[in-house]
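Participant: Dropping a prediction and its sequence here:
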Amino acid sequence: MPAAAPTPDFLHLLQQYQPLLRRVVRMYCTHADDQQDVYQDIVLQLWRAWPTYQARASAKLSTWLYRVALNVAISDLRLRTRKPPPERFDAIMPDVAPPSDTGPDADDLAQLYRAIERLSDVEKAFVLLYLEERTYEEMADILGITQNNVRVKMHRVQDKLRHLLTQPA
């Protein structure tokens, strides 16, 4: 039985929230091919869950999107770390594509992403939500913990990130 075609509402949702989804993917994947694969997995999972979300619609849309995107990205990361990939083509031809992040702050941004890569999966979720300027209340809803717990963990993650940024990679 073929899957139903995406509805205009769902397509509008994807268009509106694509930057958010891309930022989640960027937080958990460093290679462009992996980013595209995980993005597609997130979209597929969102499409599968869309009827359920529409039926209950009690959760805030961005909270639901974050939950799905973070779960897919973290699951994919765990799968990739258990099963190492074969040698990447871009490792053989490293200068084929230009870097995606360019500009005057490119070095600072690259340093920040290198530090973030050294965080745990959960710590990365905190950083992402912080960079997305989510309130502690929203973070608590997305992550399924109390606001007080968010405050404590956020403080610890910020301290760890500051430490990583002052240490050589």
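Facilitator: That came through fine.
Participant: what's around the closest residue to Met154 other than its chain neighbours, how many residues?
Facilitator: Excluding its sequence neighbours, the residue lying closest to Met154 (CB to CB, 6 or more residues apart in numbering) is Phe126, at 5.6 Å. The C-beta positions use only the backbone N, C-alpha and C, and glycine is treated the same way. If you count neighbours by other CB atoms under 10 Å, Phe126 ends up with 23.
Participant: Also Leu128?
Facilitator: 23.
Participant: ok, Gln158 to Leu131 distance?
Facilitator: Taking CB to CB, to the nearest Å as the measure, Gln158 falls 12 Å from Leu131.
Participant: Name the residue closest to the centre of the protein, please.
Facilitator: Ranked by distance to the mean C-alpha position of the chain (CA atoms, centre = their mean), the top residue is Val24 at 1.7 Å.
Participant: give the contact list for the nearest residue to it once chain neighbours are set aside.
Facilitator: In space, and not counting its chain neighbours, Val24 is closest to Ala69: 4.2 Å by CB to CB, 6+ apart. Neighbour list for Ala69: Leu20, Leu21, Val24, Val25, Ile42, Leu46 [criterion: CB atoms under 8 Å, 6 or more residues apart in numbering].
Participant: pull the helix or strand with minimum mean pLDDT from the protein.
Facilitator: Here the helix or strand of the chain ranked lowest by mean pLDDT, DSSP states H and E is helix 89-92, holding a mean of 49.
Participant: Which SSE is immediately downstream of it?
Facilitator: Sequence order places helix 106-117 as the next helix or strand after helix 89-92, per DSSP states H and E.
Participant: Next, the buried residues of that next one.
Facilitator: Buried positions in helix 106-117, judged by neighbour count with 16 or more other CB atoms under 10 Å: Leu112, Ala115, Ile116.
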